[in-house]
Every structure is written in structure tokens, then in C-alpha cells.
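**Student:** After the sequence you'll find the predicted model.
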Amino acid sequence: MDSAASASLHLERLVAFPTVSSVSNLDLLDYVETVVAPYGARVRRFANEAGDKANLLISLGPHEPGGIIFSGHTDVVPTEGQSWTGDPWTLRKRDDRLVGRGATDMKGFLACCLASLDGILARPLSRPVHLAFSYDEEVGCTGVGSMARWIGESDLRPRLAVIGEATGMDMVSAHKGGLIGWTHVHGKPGHSSQPDRYVNAVMIAAELISEINRIRAEMRDGPAFEGLDPPYSTIQVNQIKGGLHGNIVAEACSFFWEMRVVPGQSDAAVLERMQRHARSLEQTMKAIDPSTGIEIAVQAQIPPLVPIEDVALRTELLRLLDRSATRAVPYGTEAGIFQNAGVPSAVIGPGDIADAHQPDEGVDIDQLVQCVGFLERLGDTCR
Ligand SMILES: [Zn+2]
């Protein structure tokens with residue numbers, strides 16, 4: 001079977017598992033394990049606390065240090081509210097494209113990993129190839145940590161991790177880090193004719209959001225990282241809920257914020273500024289009622305990706321990709337987490353990131369073919 005047919009077949013199977021982040025990915029992992037079993041794979045799962053999701057690490061070839069990791073996430077974003085022209089969980093061929101939820105982000109890459117194994121394992125390896133498939137990437141890269149830490153602490157010492165998010169098969173060497181979370185304002189409700197007797201959670205939230213707006217304005221003139229678009233850090237609020245009725249002082253208000261910081265800027269320092277502002281507002285709130293307050297709950301922190309230091313490795317990757325330069329992207333990936341675990345990392349994968357999370361998400365078959373070829377050439381470096 002040629003690589004287009006093999007990748008398409010695996011993608012069809014992978015898309016059929018509706019692995020939105022809120023549900024189990026174990027059936028998908030079972031499928032992957034049946035695919036790799038004939039190759040004599042060593043398999044290790046890293047389950048979440050509830051036991052309904054897991055990371056999967058598959059090692060092929062000898063147990064030696066210096067291998068290469070191909071990594072991707074198994075979860076996808078939901079399809080509710082999107083106008084799909086067909087069943088999102090049934091892969092469809094449209095012209096030279098394959099359409100289905102996750103085709104781009106990022107089951108296309110997972111399918112390429114599986115399709116590359118025939119070629120990679122046709123001849124003996126002297127160093128291993130590892131497949132590292134994660135869960136809960138789409139809710140803030142919160143799943144992969146256990147596996148990345150284990151790899152970092154093991155004797156595997158891989159020389160490279162390729163994270164296959166969609167880059168059009170370019171080499172992405174840098175991206176921003178992210179910090180996301182909820183802010184909950186607990187006020188004191190009462191009749192709106194007496195606003196000074198109560199604590200209006202919606203109005204307090206507005207104050208906090210104003211501060212976020214000021215931080216955003218300052219970030220435009222703050223540290224810049226060439227190649228990123230925009231080259232500066234950003235912060236914003238995209239979700240808010242609060243209040244019960246037009247004439248009741250609002251008891252509760254919550255909003256979700258996200259910041260994306262350029263490599264070199266501290267997301268912790270920004271968070272600390274938000275917390276300081278919250279503490280100062282709380283003084284006025286608590287003077288009216290001590291039970292009121294503001295809670296800032298960080299949901300996830302995604303470290304930035306900085307370019308691989310080893311120039312020879314960077315050059316080797318560009319040569320294998322037939323590219324002349326690396327790129328930087330504004331979105332976060334799991335690459336920084338592998339990098340923090342001590343594995344040099346880059347983001348290289350099939351498809352266009354603009355198609356990710358969209359209705360009728362799709363990937364060009366040619367991109368899958370290019371990706372399988374690249375993974376096979378990477379495998380050859382492990383002979
Ligand atoms: Zn993704």
C-alpha cells in the first residue's frame with residue numbers, strides 16, 4: 001500500500017473515534033496498540049486520575065538512548081454549533097482533501113506516524129523511534145505532562161521530539177507560551193436601588209477586565225520576538241457570565257482570560273499584577289461584606305518554545321524537510337513541555353493551522369504524503 005492510501009486508512013479509523021477532550025480516548029489508544037503490535041512495540045500508558053484517558057508511549061527498535069519522538073495529541077475540539085456538511089466523525093474525500101474532525105488538528109499527523117512504520121521498520125534501527133500520543137491538549141496541554149516528565153527522567157534521552165501540529169510541513173522553532181484561567185468574583189446581592197449597601201460582582205469584574213485591557217496595551221510596546229505575529233505578547237477576555245436580573249445587584253461574575261507571552265517574557269509576573277489589582281479591589285469589597293472576594297484560578301500554563309540550540313540538528317531537520325528557514329507561530333503546542341523535560345523540540349506537521357477547529361476541517365492528501373516521507377527520512381537517521 002502506498003503512503004497516501006495507508007495514511008488515509010489510518011486517518012479514517014482515527015477520525016471515527018469521537019475523542020473530544022471531554023470524553024475517553026482509550027478506544028483510540030487500543031486501536032493504535034493493535035496497529036503497532038506486529039512491529040514488536042514496547043508500550044506504556046500514563047493514565048489520568050479518573051482512569052478514563054491516557055497518554056500512550058510506544059517505543060520501536062532497540063532500547064537505547066538518542067532516539068526520536070513523534071508526538072501528537074489524540075483529543076479534538078467539539079463540533080456542536082458548527083455547520084458541517086456531513087458527519088464530522090466519518091472521513092470524507094473531497095477532491096484531493098480528506099475532511100473530518102481532527103483531520104488537520106491533529107489526527108492527520110497521528111495517521112502519518114502509523115503509516116511511516118512500515119518504511120521505518122523495514123530495516124533494523126540502532127536507535128529507537130518513539131510515538132508519544134497525548135490527551136487533553138485542546139483544554140490547555142494539561143495531559144502530556146506525566147509522559148514528558150517520565151521521558152525526561154528515564155534513560156531514553158531522545159535527541160529530538162517532533163510535535164506534529166499543522167505547519168504545512170514547515171519547521172516551526174518558536175512559539176509563545178500561554179497562561180489561561182478563570183477569575184471568579186463573589187459579591188453581595190441586593191435591591192439595585194441601594195447599590196452602596198451591596199457588592200456588585202459584575203462591576204468589580206469590569207474593573208478587573210479594565211486592568212487586563214491596560215496590560216494588553218502595554219504589551220504592544222513590550223518585549224518583541226521577531227518572526228511571531230504579532231511579535232508582542234497579548235492578553236484578553238473572551239468569555240464572561242454574571243448577574244441574575246436587571247434590578248438585582250449581581251452576586252457573582254466569572255470571566256475567562258488568556259495570555260500569550262513571547263519567549264523571554266514572564267507570564268507569572270503578569271499574573272502577579274492581576275492578583276495585586278484583585279487584592280486592592282477586595283479591600284473595598286470586604287469593607288461592605290467580609291464574605292465577598294475575588295478568586296483567580298489558573299487552568300493551564302503552556303511554556304513557550306524556544307529554538308533548538310544545536311545548530312547542526314536544526315540544519316539537519318531543514319535539509320530533511322527541504323526548507324531553507326524555520327518559522328515562529330503565535331499559537332501554543334506541547335513542544336515547550338517536551339523541551340522543558342530536556343528533549344530538543346520542533347513543531348512540524350501536515351495541514352494548515354487555519355483549518356484547525358473549523359467546520360469541514362480537512363487536510364490535503366499531498367501534505368500527508370510529504371509528512372510520511374519526512375518521518376521515514378527521520379527514521380533513517382536512527383539506523
Ligand atoms: Zn492541535
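**Tutor:** Now that the structure is in, tell me what you want to look at. Note that the coordinates shown come from a computational prediction; the quantities given were computed from them, not determined experimentally.

**Student:** Identify the residues contacting residue 57.
**Tutor:** 43-46, 130-133, 147, 150-151 (Cβ atoms under 8 Å, 6 or more residues apart in numbering). The C-beta positions use only the backbone N, C-alpha and C, and glycine is treated the same way.

**Student:** That one - nearest residue in space that isn't next to it in sequence?
**Tutor:** Spatially, and ignoring its direct neighbours in sequence, residue 57 is nearest to residue 44 (4.6 Å; Cβ to Cβ, 6 or more residues apart in numbering).

**Student:** same question, residue 14
**Tutor:** Leaving aside its sequence neighbours, residue 14 sits nearest to residue 107 (Cβ to Cβ, 6+ apart; 4.2 Å).

**Student:** ok, back up a step: quick one: which helix or strand includes the residue nearest to residue 57?
**Tutor:** strand 42-47 (DSSP states H and E).

**Student:** related to what we said a few turns ago, look up how far the ion lies from the residue nearest to residue 57.
**Tutor:** Per Cβ to the ion, to the nearest Å, residue 44 is found 22 Å from the ion.

**Student:** residues contacting that residue?
**Tutor:** Residue 44 makes contact with 56-57, 59, 150, according to Cβ under 8 Å, 6+ apart.

**Student:** Out of those, which is nearest to residue 73?
**Tutor:** Residue 73 lies nearest to residue 56 out of the contacts of residue 44, by Cβ to Cβ, at 11.0 Å.

**Student:** Which strand residues bridge the closest one?
**Tutor:** Beta bridges link residue 56 to residue 45, residue 133, judged by DSSP bridges.

**Student:** Is it in contact with residue 41, as I believe?
**Tutor:** No. Look at residue 56 against residue 41 with Cβ atoms under 8 Å: they stay out of range, at 10.2 Å.

**Student:** The two: which is more packed in?
**Tutor:** The neighbour comparison of residue 56 against residue 41 (other Cβ atoms under 10 Å) goes to residue 56, with 23 against 20.

**Student:** per-residue confidence at that one?
**Tutor:** We have a pLDDT of 98 for residue 56.

**Student:** Next: residue 295.
**Tutor:** Looking at residue 295, its pLDDT reads 98.

**Student:** can you tell me the helix or strand for it?
**Tutor:** Short version, using DSSP H and E: residue 295 is in strand 293-302.
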